[in-house]
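[1] here is my input; please provide its structure:
(one chain, ligands or ions: 1)
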Amino acid sequence: MTDLAMNNKTNVKRPSLAVNIAGIHLKNPVMPASGTFGYGEEYAPYLDLERIGAIVTKGLSLRPKAGNPTPRIAETISGMLNAIGLQNVGIDDFIKFKLPFLREVNTPVIVNFFGNTLDEYGEVAARLADLPEVAGLELNISCPNVKQGGIVFGTDPKAAAEVVSLVRSRSQKPLIVKLTPNVTDITVIARAVEEAGADILHVDVMDGHFVPNITIGPDVVRAIKKYSTLPLDVHLMIDNPDRYIDKFAEAGADMMSVHVEACDLEKLLPLIRKLKCKAGAVINPETRVEAVIPFIEYADYILVMTVNPGFGGQAIMPACLEKVVRIRKYIYEERKVNRAILIEVDGGIKTSNVKDAVKAGADIIVAGSAIFGSKDYKAAIEKLKK
Ligand SMILES: Cc1cc2nc3c(=O)[nH]c(=O)nc-3n(C[C@H](O)[C@H](O)[C@H](O)COP(=O)(O)O)c2cc1C
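    Next comes the predicted model:
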């Protein structure tokens, strides 16, 4: 895909990293994330600004904003947390004091901006529309609409469409819409099943390595947590779960399970408990039950997969229920720790086989298609519970 361009000084052929994004020509695809690079000039003493593909400015609003009181940045072992509060100089001072500097730099400038009402978005877009120094716009829609009860523009499809079409009508500049990670659908569904009578929300996290599918990460877990009061049971179908457990705990997981096939359970289950989450050990259909028995004592629950993890809609593998019987027996007869250890089953559970799972010894039933494949979540949950 890359052209080969000649480097005159060394006579070495170097690949061209040039890209075109929405009509903006970038010499390479390196752009700082908005808010991490100020207005560009702050970094000029340390970096030749002409070496990066584009400068993305700190988010801009109609009026200046002071942001949150300090401290508003904290370093944690799982990364940096920040709540800057969108501090910025406002559009007037940006045009007066920041743009003249950027004009002199031979690098495209993408202005990130936001608003708290539709009018504010529209006005900022219009003010930027005719400025030749601005190569493109990045629209931050992760802000609450104060005129609509504080609902975040980007979490409501109608509001998101409205703000984008308004901005589009005010400016012909290339427009990048920066979506909020707090996606709507899953939270709406979370609330719907909570109202329909679910007791726990089970979230499947897949990484495309441990299982051949990719789903969600900690940000989505955090979003669900905001919308639901139910315990969140996060099933990590991922390689190296040790790298991520603190992120999911911080995002609001109440229960977290990791696979015997993916990690050292003796090490990880106590770490999950330390993070104040219930710790689950998961066993895949093809793994012998003996593999998990030595770790039962470290767990709060054992999740027995009754299908191969990775995709919904599969039929139950009834032989896996024998593992439930075996684990139940161990918990009754041989367990040494003095706390409850529950058994959860996941995969292909329907009204036709839920009794078998319970009879085998399951305490927690995970159901996907049986609920989401029906029109009436409440009726489906009631049927399963019967
Ligand atoms: C200190 C800081 C300030 C930020 N300010 C903004 C901002 O003003 N506007 C915006 O759209 N995103 C802002 N962000 C979000 C980043 O642009 C980026 O989307 C986010 O950090 C995710 O990328 P990362 O995982 O590489 O950090 C900010 C991030 C940080 C760390």
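[2] is stretch 44-57 anywhere near the ligand?
    No - interface with the ligand: stretch 44-57 contributes nothing (C-beta under 6 Å from any ligand atom), its closest point being 7.5 Å away. Where C-beta positions appear, they are placed from N, C-alpha and C, glycine not excepted.
[3] how about stretch 135-153?
    Yes - counting by C-beta under 6 Å from any ligand atom, the ligand has neighbours in stretch 135-153: N140.
[4] Three-state assignment for H209, please.
    coil (DSSP: H, G, I helix; E, B strand; the rest coil).
[5] hmm, who's touching stretch 370-377?
    For stretch 370-377, the surrounding residues in contact (C-beta atoms under 8 Å, 6 or more residues apart in numbering) are 189, 192-193, 196, 198, 312-313, 349-351, 380-381, 384.
[6] do that again at 7 Å, thanks
    Stretch 370-377 has contacts (C-beta atoms under 7 Å, 6 or more residues apart in numbering) with 192-193, 196, 349-351, 380-381, 384.
[7] repeat for stretch 116-136
    Contacts of stretch 116-136 (C-beta under 7 Å, 6+ apart): 22, 24, 54, 60-62, 91, 99, 102-103, 108-111, 113, 115, 137, 143-147, 162-163, 166-167, 170-174, 176.
[8] those strands in the stretch 151-300 of the chain, which residues are they?
    151-152, 175-178, 201-206, 232-237, 255-259, 278-283 (DSSP state E, counting those that start in this stretch).
[9] how far does stretch 208-217 sit from its chain's centre?
    13 Å (C-alpha atoms, centre = their mean, to the nearest Å).
[10] quick one: buried residues of that stretch?
    210-211, 215-217 (16 or more other C-beta atoms under 10 Å).
[11] nearest to the ligand among these?
    Checking the buried residues of stretch 208-217 against the ligand by C-beta to the nearest ligand atom gives G217 as the nearest, at 10.4 Å.
[12] need the contact list for that closest one.
    If you count contacts by C-beta under 7 Å, 6+ apart, G217 has them with V205.
[13] what does this protein put close to the ligand?
    So the chain meets the ligand at 33-36, 58-59, 82, 84, 86, 112, 140, 178 (C-beta under 6 Å from any ligand atom).
[14] what's the residue of the stretch 251-386 of the chain found nearest the ligand in contact with, if anything?
    Per C-beta to the nearest ligand atom, A251 is where the stretch 251-386 of the chain lies closest to the ligand, at 13.7 Å. If you count contacts by C-beta under 7 Å, 6+ apart, A251 has them with 218, 221-222, 225.
[15] top of the residues you listed by number of neighbours, please.
    Ranked by the number of neighbours (other C-beta atoms under 10 Å), these place V221 first, at 23 neighbours.
[16] could you check the pLDDT of the nearest residue to it once chain neighbours are set aside?
    Closest residue to V221 apart from its sequence neighbours, by C-beta to C-beta, 6 or more residues apart in numbering: A251 at 4.2 Å. A251 is assigned a pLDDT of 96 by the prediction.
[17] ditto for the one 5 residues further on
    If you check M256, the pLDDT there is 97.
[18] quickly list what it is bridged to.
    V234, A279 (DSSP bridges).
[19] who's in contact with it?
    234, 236, 245, 248-249, 272, 277, 279-280.
[20] of all those, which two lie farthest apart?
    For these, the farthest-apart pair by C-beta to C-beta is A249 and G280; their separation is 13.1 Å.
[21] neighbour count winner among the two?
    G280 (27 against 21).
[22] in contact with the nearest residue to the more buried one once chain neighbours are set aside, which residues?
    Excluding its sequence neighbours, the residue lying closest to G280 (C-beta to C-beta, 6+ apart) is S257, at 2.9 Å. With contact set as C-beta under 7 Å, 6+ apart, S257 has these partners: 235-236, 280-282, 303.
[23] ok, I21 to L175 distance?
    11 Å (C-beta to C-beta, to the nearest Å).
[24] now do Q87
    Distance from Q87 to L175, by C-beta to C-beta: 24 Å.
[25] equivalent analysis for L49, please.
    23 Å.
[26] please identify which of the two sits among more neighbours.
    Higher neighbour count among L49 and L175: L49, with 19 against 16, using other C-beta under 10 Å.
[27] list the residues that contact the more buried one.
    40, 43, 55, 105, 107.
[28] inside strands: which ones of those residues?
    Mapping the contacts of L49 onto strands (DSSP state E) picks out I55.
[29] the closest residue to A22 other than its chain neighbours: how many residues sit nearby?
    Of all residues not flanking A22 in the chain, P174 sits nearest, at 3.7 Å (C-beta to C-beta, 6+ apart). Counted with other C-beta under 10 Å, the neighbours of P174 add up to 17.
[30] just checking, P174 touches N20?
    No - applying C-beta atoms under 7 Å as the test, P174 and N20 come out as separate, 9.9 Å apart.
[31] from the stretch 1-150 of the chain, which residue is nearest to the ligand?
    Counting by C-beta to the nearest ligand atom, the stretch 1-150 of the chain gets nearest the ligand through G35, at 1.8 Å.
[32] quick one: the helices in the stretch 201-350 of the chain?
    Along the stretch 201-350 of the chain, counting by DSSP state H, counting those that start in this stretch, helices occupy 218-227, 245-251, 265-274, 320-333.
[33] just the C-alphas of the second one, formatted as CSV.
    Pointing back at helix 245-251 there. Output in CSV follows, covering the C-alpha atoms of helix 245-251 (Å, rounded to 0.1, in the frame of the first residue of the first chain):
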residue,chain,number,x,y,z
ILE,A,245,-8.2,-8.1,36.1
ASP,A,246,-7.5,-4.8,37.8
LYS,A,247,-9.0,-2.8,34.9
PHE,A,248,-12.2,-4.8,35.0
ALA,A,249,-12.4,-4.6,38.8
GLU,A,250,-12.0,-0.8,38.5
ALA,A,251,-14.6,-0.7,35.8
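[34] can you list the weak-confidence ranges in the chain?
    Counting by pLDDT under 70, the chain contains low-confidence ranges at 1-11, 157, 181-186, 188-189.
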